[in-house]
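**Student:** build me a model from this:
(chains A and B)
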2 protein chains.
Amino acid sequence: MHITALAGGVGGARFLRGLLAHLRRTPQLAGTRLTVVGNTGDDITLFGLRVCPDIDTLLYTLGGGIDEAQGWGRADDTHHVAGELARLGATPQWFTLGDRDFGTHVFRSQLLGQGMPLSEVVSRLAARWGLDEQGVTLLPMTDTPVETHVVVAADGEGRRAIHFQEWWVRHQARVPAERFVVAGLDGAAPAPGVLDALRSADVVLLPPSNPVVSIGIILGVPGVRDALRGTRAPVVGVSPLVAGRPVRGHADACLRAIGLESTSAAVAGLYADFLDGWLVDEADPMSSAASPRVLHRPLLMSSPEASADLAGAALELAMSLQQAGGRA
Amino acid sequence: MHITALAGGVGGARFLRGLLAHLRRTPQLAGTRLTVVGNTGDDITLFGLRVCPDIDTLLYTLGGGIDEAQGWGRADDTHHVAGELARLGATPQWFTLGDRDFGTHVFRSQLLGQGMPLSEVVSRLAARWGLDEQGVTLLPMTDTPVETHVVVAADGEGRRAIHFQEWWVRHQARVPAERFVVAGLDGAAPAPGVLDALRSADVVLLPPSNPVVSIGIILGVPGVRDALRGTRAPVVGVSPLVAGRPVRGHADACLRAIGLESTSAAVAGLYADFLDGWLVDEADPMSSAASPRVLHRPLLMSSPEASADLAGAALELAMSLQQAGGRA
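**Tutor:** The predicted structure follows:
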């Protein structure tokens, strides 16, 4: 079987780690291949180095090198490079980069600077993290540099646009966002393999990633949404909201910015043209309509087992939709 | 008083630290300013980052951050970035860069990438290391990127050129060098302030730096040699050789490559057109001719006091030459 998933950072990575655990514990799923299409819309150039936060969180989480407590960055990392940069007055200082993490960014920046496409750089990083051995192919959504900017109201100065990471990390999404603008997205081509992975998949999964600034950005890469509408595979998603609040991150602030309520139904509405199955929390009031087919399950990924169970439930729903005659 | 010195890496930096110590302990020299013109001929781009080994050794040594045992790099540094780069298969792996050191290189590379001249970057780094407070101005010899390459015989393949650092660090200068070629040197302009510092100095000092690949490269920057010939200041140098061998580094191999013997007399010959005074080791057979005036002193900088004494002797010789009617 071939599963393709779209993914943002921490929530997506933990769900997919759960999926891999579920595949390992389920003999009849042996040999399943997983292709992950990662969001690069929150990439940022810091200190002259190209940083891909979501891709790196996927690499480190699936490769066993993640800082579990933070959810991002390398386990047991030190911060001597960042300390020296701060001592030199380099900015920004609101984005934390550890020393081992800097190794990734220096490596990537050197290869990008030599003209290597990001997808090939990611493939090299994936090899270092043993993703191939786990049957996982990680693809960036595009090789074109794109950057999500957030239009915020500035006191007395009208609007201004700041980088998504400044809004997310520095301001913790507390400054009301008026709009997200993804520079470069219109002209971005899907990275090699992305559309094929969606078209040829047996199952497409949407982990509980941010529907606006993670999944939503990937869907904005020309061709991706069409591929999801056209794929024969059932598309099953997991709501990122429990009781109207994101389990992690700031999906509520993002939904508010695009004029939507923080409900699983509103998120499903963003995927209405291709979503076949939808996992929501046990206590979620959303019920099944003709499509998507709604399944209630505990959404909190409070342990590796809980993550594996959630991924297993999503996969089971997809397979039942498949057996029931494919897509709605 | 204004002293200007040309300097390479470890030997030059230790001598100049001794000079600063001598100035501090000598009340009548209070207020003396020191301008250091640093060699950038051994600069190298590693992992996409611009590394200036001699400039950094000067910064770290004069700023109190040097790894004393090594003579280069930061004290108590860790190596997590380099470890990750090695894990990723990045090359080369023969050049050691610590994490705090990486902070310097990332900072410099970012600013250079934004179009800032190297001299301005060095000025910012010098501020971080408190050089201004010590009355020291550090200038790179040029803002133009130059790189020293070494022509070596390759078995059965004729000649090939390798980067100076590969010859120096990786091969420890054991591969016989046929020639040094400094890419970019002919078209390099002296950095702002370099020629003025030589012309307006009261004393010019040549620390015991490598006469071929450190001092020799600085002398090759168009205009520098002429400024030394024309300056009213006495020019006093310190031989880098004790008993025909370099105290540190591979000056003997460098002299051999340009067809010279490893003697203080041969080194003085390289500076014949501008050298007024020359410190050689106590046991050195070289004697005074009309010029330069030769002074025998212990050259080993075995302690901070020994370095200060050596620098003091060089300065005293310069001042005596000055009082005796200026240049020979």
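
**Student:** rest of the way, CA atoms for contacts and neighbours
**Tutor:** Noted.

**Student:** what bridges to A:R293?
**Tutor:** Per DSSP bridges, the residues bridged to A:R293 are A:G277.

**Student:** okay, now A:G41: neighbour count?
**Tutor:** A:G41 has 31 neighbouring residues, counting by other CA atoms under 10 Å in any protein chain shown.

**Student:** now A:L23
**Tutor:** With other CA under 10 Å as criterion, A:L23 counts 20.

**Student:** residue contacts, it?
**Tutor:** Taking CA atoms under 8 Å, 6 or more residues apart in numbering or on different chains as the criterion, A:L23 is in contact with A:29-30, A:32.

**Student:** 6 Å - rerun?
**Tutor:** Contacts for A:L23 (CA atoms under 6 Å, 6 or more residues apart in numbering or on different chains) come out as A:L29.

**Student:** could you do A:D99 as well?
**Tutor:** Listed by CA under 6 Å, 6+ apart, the contact set of A:D99 reads A:78-79, B:80-81.

**Student:** with A:V235 instead?
**Tutor:** A:204-205, A:275-276.

**Student:** and for it, nearest residue in space, chain neighbours not counted?
**Tutor:** Closest residue in space to A:V235, ignoring its immediate chain neighbours: A:V204 at 4.6 Å, by CA to CA, 6 or more residues apart in numbering or on different chains.

**Student:** what is the neighbour count of A:I162?
**Tutor:** By other CA under 10 Å, 15 other residues sit near A:I162.

**Student:** give the burial count for whichever residue of the stretch 151-300 of chain A sits closest to chain B, as a bare number.
**Tutor:** The nearest approach of the stretch 151-300 of chain A to chain B comes at A:H163, 18.5 Å away (CA to the nearest CA). Neighbourhood size, A:H163 [other CA under 10 Å]: 18.

**Student:** dig out what it forms beta bridges with.
**Tutor:** With DSSP bridges as the criterion, A:H163 is bridged to A:H149.

**Student:** how about A:M116, phi and psi?
**Tutor:** Backbone torsions of A:M116, given as degrees, to the nearest 10, read phi -70, psi 140.

**Student:** re the thing from before, distance of the residue of the stretch 151-300 of chain A closest to chain B from A:G38?
**Tutor:** As judged by CA to CA, to the nearest Å, A:H163 and A:G38 stand 19 Å apart.

**Student:** same deal with A:A313?
**Tutor:** Relative to A:G38, and taking CA to CA, A:A313 is found at 22 Å.

**Student:** these two - which one has more neighbours?
**Tutor:** A:G38 (28 against 20).

**Student:** can I assume A:L6 is in contact with A:T40?
**Tutor:** No - look at A:L6 against A:T40 with CA atoms under 6 Å: they stay out of range, at 11.3 Å.

**Student:** pull out the buried positions in stretch A:8-25.
**Tutor:** A:8-24 (16 or more other CA atoms under 10 Å in any protein chain shown).

**Student:** strands paired with the lowest-mean-pLDDT helix or strand in chain A, and their directions?
**Tutor:** Lowest on mean pLDDT, DSSP states H and E among the helices and strands of chain A sits strand A:245-246, with a mean of 88. Looking at strand A:245-246 with DSSP bridges, its partner strands are strand A:241-242 (antiparallel).
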